[in-house]
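Q: Got a predicted structure here, sequence first:
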Amino acid sequence: MNKIAKFVLACSMPVALAAPAMAHHSAAAYNTQQEVKVTGTVTEYKFKNPHVYMTVQVKKADGSTAPMEVEAGAASVLNPLGFTRDSVSVGDVVTIVGNPARSNADKSMLGRDLFKSDGTYYPLNIASKSIYAPGNETATSIAGTWFPPRTEFNGFLGGARNWPVTEKGKAAMAANTDPRATTQKDCIPIGAPALMFYPVANTITVQRDRVVMKVDWLDSERTIYLDGRKHPPASETSLLGHSVGRWEGNTLVVETTNFKEHPMGFSNSLPSSTRKRLTERFGLSQDGKSLIYSGVMEDPEYLAKPVEWSGQWLYRPNMPHSNEKCDLEVARKFLRN
């Protein structure tokens, strides 16, 4: 542990870290360098995870109409930005700004911004602007609902290129270049700690003998036991591992082991093994407006030495969860593009 690769995440980190590629899947099917705008009537609308889809009947120059399928972000990701299940209804007339598909550009697009006929704006993409203004609420403990900004998420995954990895890790990263290989097409989320930086609502409930963390992404929920129990035998593994914790003042320190092997255990391209181990710290900032999330991740099969990280979540006590389960059919829909 004396040799640790360190990096720190900052909310001011540039946003040019390929946000679409950091989400459910790559935006390679769309020409993100070209912007298009369409206006029409919503004829179909699905508020789902890991993507929202809608069909807009667009009026063409010759007076005829044609359907345009619009792919938007995940329900869980758009929800904190202000786009909810009730933001759009079938029959609404909307104007959508986005990027055309590389093939069938007249039939499909990646939505970024939506405007209703009365001028109301809604975000459709992880990189779109939020309709909410930050509040001045302050927390007195780590309990409550928190929101990791997109810059933190991008910063963590973007930093993966600088992690010290083993030869096995280098080979895996070189091989994992196909966006269709994502585990999230099977409703399996990326591994922690990347999961904990996903820009969705994350609610922490503190109980006497445990702390429960509900992450609004692909049905993820973690339980950290505070009752002094030990980790189970190494043969007993699970997707999110087994976590035990202790309090150091007001900071929760968590040790997690017993992970299953995971093709996206550390990042979009770096797997993790059953030897993965996390030491996490969840502490309240001095002003009570953010939670400092830091720790050390280890895995001798894929990381040449332990890697330390530090980032922050923002306190958002009134932010609701989307409560949308992952829809397997929707998750795999992009494979057809």
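A: Noted; the coordinates are in hand. Numbers count the residues shown, from 1 in each chain.
Q: what's the weakest-modelled helix or strand in this protein?
A: Taking mean pLDDT, DSSP states H and E as the measure, the chain has helix 19-22 as its least confident helix or strand, at a mean of 42.
Q: Residues touching the very next helix or strand once past that helix, excluding its own?
A: Of the helices and strands lying after helix 19-22 in sequence (DSSP states H and E), the nearest is strand 36-46. Applying CB atoms under 8 Å, 6 or more residues apart in numbering, the external contacts of strand 36-46 come out as 52-59, 65, 67-68, 88-100, 105, 109, 330. To be clear about C-beta, it is placed using only N, CA and C from the backbone, and glycine gets the same treatment.
Q: Which of these fall within strands?
A: 53-59, 65, 67-68, 93-100, 109 (DSSP state E).
Q: State the helix or strand in which residue 174 lies.
A: Using DSSP H and E, residue 174 falls within helix 167-175.
Q: For that helix, name the packing helices and strands.
A: Taking 3 or more CB pairs under 8 Å, 6 or more residues apart in numbering; DSSP states H and E as contact, there are no helices or strands that helix 167-175 lies on.
Q: now it: mean pLDDT?
A: Averaging pLDDT along helix 167-175 yields 94.
Q: Just the C-alpha atoms of the helix or strand following it, please, in CSV.
A: Downstream of helix 167-175, the next assigned helix or strand under DSSP H and E is strand 202-206. Provided in CSV are the C-alpha atoms of strand 202-206 (Å, rounded to 0.1, in the frame of the first residue of the first chain):
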residue,chain,number,x,y,z
ASN,A,202,-27.9,8.2,-4.7
THR,A,203,-29.7,7.9,-1.4
ILE,A,204,-27.9,6.9,1.8
THR,A,205,-29.9,5.6,4.7
VAL,A,206,-28.0,5.2,8.0
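Q: what does strand 202-206 contact?
A: Strand 202-206 has contacts (CB under 8 Å, 6+ apart) with 141-148, 196, 211-216, 282, 313, 321.
Q: What strands flank that strand, and is each parallel or antiparallel?
A: Strand 202-206 pairs in its sheet with strand 144-147 (antiparallel), strand 210-215 (antiparallel), by DSSP bridges.
Q: Please identify the helix or strand for residue 153.
A: With DSSP H and E as the test, residue 153 turns up in helix 150-158.
Q: Would you mind putting the CA coordinates of that helix into PDB?
A: What follows is helix 150-158 as a C-alpha-only set of coordinates in PDB (Å, rounded to 0.1, in the frame of the first residue of the first chain):
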ATOM      1  CA  ARG A 150     -21.300  14.500 -14.700                       C
ATOM      2  CA  THR A 151     -17.800  16.000 -14.500                       C
ATOM      3  CA  GLU A 152     -17.000  13.700 -11.600                       C
ATOM      4  CA  PHE A 153     -18.200  10.700 -13.600                       C
ATOM      5  CA  ASN A 154     -16.200  11.700 -16.700                       C
ATOM      6  CA  GLY A 155     -13.200  12.500 -14.600                       C
ATOM      7  CA  PHE A 156     -13.100   9.100 -12.900                       C
ATOM      8  CA  LEU A 157     -13.500   7.100 -16.200                       C
ATOM      9  CA  GLY A 158     -11.300   9.500 -18.100                       C
END
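Q: Same question for it: list its buried residues.
A: Residues 150-158 are the ones in helix 150-158 that count as buried (16 or more other CB atoms under 10 Å).
Q: picking that back up, so how do I select the buried members of the ones in strands among the contacts of strand 36-46 in ChimeraX?
A: Buried members of the ones in strands among the contacts of strand 36-46, defined by 16+ other CB under 10 Å, are picked up in ChimeraX with:
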select :53,54,55,56,58,68,94,96,97,98,99,100,109
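Q: Apart from its chain neighbours, what residue comes closest to the most centrally placed residue in the chain?
A: Taking CA atoms, centre = their mean, the centroid of the chain lies closest to residue 198, which sits 3.0 Å from it. Residue nearest to residue 198 in three dimensions, not counting chain neighbours: residue 217, with 4.7 Å by CB to CB, 6 or more residues apart in numbering.
Q: and if you look at residue 258?
A: Closest residue to residue 258 apart from its sequence neighbours, by CB to CB, 6+ apart: residue 242 at 4.1 Å.
Q: For the one you found, name its beta-bridge partners.
A: residue 257.
Q: give me every residue that touches it.
A: Counted by CB under 8 Å, 6+ apart, residue 242 has contacts 231-232, 236, 256-258.
Q: how does it look with 10 Å?
A: Each residue near residue 242 by CB atoms under 10 Å, 6 or more residues apart in numbering is listed here: 223-225, 229-232, 236, 255-259.
Q: Separate out the buried members of those.
A: Looks like the contacts of residue 242 have 224-225, 231, 255-259 buried, using 16+ other CB under 10 Å.
Q: quick one: which of those residues is nearest to residue 185?
A: residue 259 (20.5 Å; CB to CB).
Q: Distance of the closest one relative to residue 266?
A: From residue 259 over to residue 266 the distance is 11 Å, taken as CB to CB, to the nearest Å.
Q: shared neighbours, these two?
A: With CB under 10 Å, 6+ apart as the test, residue 259 and residue 266 both reach 191-192, 272, 276, 299.
Q: can you tell me which two in the residues you listed are farthest apart?
A: Longest span within these, CB to CB: 192 and 299, 12.1 Å.
Q: more neighbours, these two?
A: A direct count of neighbours by other CB atoms under 10 Å for residue 192 and residue 299 places residue 192 higher, at 29 against 24.
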